[in-house]
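> what follows is a protein structure lacking sequence information:
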Ligand SMILES: [Zn+2]
């Protein structure tokens, strides 16, 4: 059975990267847009024809060549491929970061999903989105070696967890 809960209007802290704390986001300013949100965890991939090219975990970094934690899953594709929301949620971040490029963070109540290196974002902070909704386009923004989407699942503490169990 699907749960319906009202998102807390408390201030929550969202960081763009685990070691770098960004400004807290006050969900109260989303209040006009916050309705009863269907709280469902992501269970699809963010691209139409998912081609996983890099898994979650330690790997040799593609640019620096040293072992480094890969905090998400990379899906290969072409610049301009549509990126889809993997569950219903509210957009809590849509902006640019030096490494992640153009990224989007969506809160789904118990977890959030994160999409990086986009060429374009179609959404704005505070917007409610549905599962399968087109939220942006794949690209090469930020530090990348080629066109792909870097996809993360984060827990309540904004810590990245393995997205594999959130894919069908
Ligand atoms: Zn990645």
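Arrived safely, thanks for sending. Everything quoted here is computed from the prediction, not taken from an experiment.
> centre-most residue in this structure?
residue 114 (1.1 Å; CA atoms, centre = their mean).
> now residue 43. Its backbone dihedrals?
phi -150, psi 20 (degrees, to the nearest 10).
> and the pLDDT at the residue in the chain positioned nearest to the ion?
Nearest to the ion, among the residues of the chain, is residue 150, at 3.3 Å (CB to the ion). In this view, the C-beta of every residue, glycine as well, is placed from N, C-alpha and C. As predicted, residue 150 sits at a pLDDT of 98.
> just say helix, strand or coil for it.
Put simply, residue 150 is strand when judged by DSSP: H, G, I helix; E, B strand; the rest coil.
> what sits against residue 73?
For residue 73, the residues meeting the contact criterion (CB atoms under 8 Å, 6 or more residues apart in numbering) are 52, 54, 55, 56, 150, 151, 152, 163, 164, 167.
> residues near the first one, how many?
In other words, residue 52. Burial of residue 52, expressed as a neighbour count using other CB atoms under 10 Å, amounts to 16.
> surely it meets residue 77?
No. Between residue 52 and residue 77 there is no contact, the gap being 11.0 Å when judged by CB atoms under 8 Å.
> buried sites along stretch 161-168?
By neighbour count, and taking 16 or more other CB atoms under 10 Å as the criterion, the buried residues in stretch 161-168 are 163, 166, 167.
> chain center to that stretch, what's the gap?
Relative to the chain's own centre, stretch 161-168 is displaced by 13 Å; criterion: CA atoms, centre = their mean, to the nearest Å.
> can you check stretch 158-168 too?
11 Å.
> what's the average pLDDT for that stretch?
Model confidence over stretch 158-168, given as mean pLDDT, is 94.
> what's in contact with it?
Stretch 158-168 is touched from outside by 13-15, 18, 41-45, 50, 55-57, 71-73, 86, 111-113, 151-155, with contacts defined as CB under 8 Å, 6+ apart.
> next: stretch 42-56.
Contacts with stretch 42-56, where a contact means CB under 8 Å, 6+ apart, come from 70-77, 81-87, 108, 111, 113, 115, 131-132, 138, 148-149, 151, 153, 160, 162-164, 166-168.
> 6 Å - rerun?
Residues from elsewhere that reach stretch 42-56 (CB atoms under 6 Å, 6 or more residues apart in numbering): 70, 73-77, 83-84, 86-87, 113, 115, 149, 151, 162, 166-168.
> show the buried residues in these.
When neighbours are counted using 16+ other CB under 10 Å, the contacts of stretch 42-56 contain these buried positions: 70, 73-77, 83-84, 86-87, 113, 115, 149, 151, 166-167.
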